[in-house]
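Engineer: no sequence on this one, just coordinates:
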């Protein structure tokens, strides 16, 4: 039941961020290429006070909603309890479930990249 609530919350957030209602925000998964991920990492600038990008295990996955493609990412700070791999890039295939963490402060960073506009949104993940 809790997983269903989390999934519905994620769907609602995706719908809100794109200006669509939840019913319109049918989310499709796709797999970003290493080239796309490298392009994102070249332009991303983490806010001051956050650890350097090289210190995070970075899981990337693609979502398509409202006809727009986004690369979403979760960065897990190396050495925290959330980290299950060493620092570096992990590309999550479209048929796999992306990682999900509900807290972690800036030890878990959320990234959303609009492939078309090349806009990046970055936020720390809830409470530390």
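Structural biologist: Yep, it's here. Bear in mind the structure is a predicted one, so any value in this text is a computation, not a measurement.
Engineer: contacts only, for the spatially most central residue of the chain.
Structural biologist: The centroid of the chain falls nearest to residue 73 when counting by Cα atoms, centre = their mean (2.5 Å). Remark: with contacts taken as Cβ atoms under 8 Å, 6 or more residues apart in numbering, residue 73 is in contact with 40, 58-61, 110-113. Glycine gets a C-beta too; all of them are placed from N, C-alpha and C.
Engineer: could you list which of those residues belong to helices?
Structural biologist: Helix and strand membership here follows DSSP state H; of these, those in helices are residue 40.
Engineer: out of the contacts of residue 73, which one sits closest to residue 32?
Structural biologist: Within the contacts of residue 73, proximity to residue 32 (Cβ to Cβ) peaks at residue 60, which comes in at 5.5 Å.
Engineer: okay but the closest one is in contact with residue 37, surely?
Structural biologist: Yes - taking Cβ atoms under 8 Å as the definition, residue 60 is a contact partner of residue 37 at 5.0 Å.
Engineer: and the two? Which one has more around it.
Structural biologist: Neighbours per residue, other Cβ atoms under 10 Å: of residue 60 and residue 37, the larger number sits with residue 60, 24 against 19.
Engineer: now the more buried one: how far from residue 47?
Structural biologist: Relative to residue 47, residue 60 is positioned 19 Å away (Cβ to Cβ, to the nearest Å).
Engineer: circling back to that earlier point, what do residue 60 and residue 37 both touch?
Structural biologist: Common contacts of residue 60 and residue 37, defined by Cβ under 8 Å, 6+ apart, comprise 71, 89, 91.
Engineer: most neighbours of all these, which one?
Structural biologist: If you count neighbours using other Cβ under 10 Å, the busiest of those is residue 71, which has 22 neighbours.
Engineer: looking at the shared contacts of residue 60 and residue 37, which is nearest residue 26?
Structural biologist: residue 71 (18.3 Å).
Engineer: name the nearest residue to that closest one, sequence neighbours excluded.
Structural biologist: residue 113 (4.3 Å; Cβ to Cβ, 6 or more residues apart in numbering).
Engineer: so that neighbour touches residue 69, yeah?
Structural biologist: No - at 9.4 Å, residue 113 and residue 69 do not qualify as touching, with contact defined as Cβ under 8 Å.
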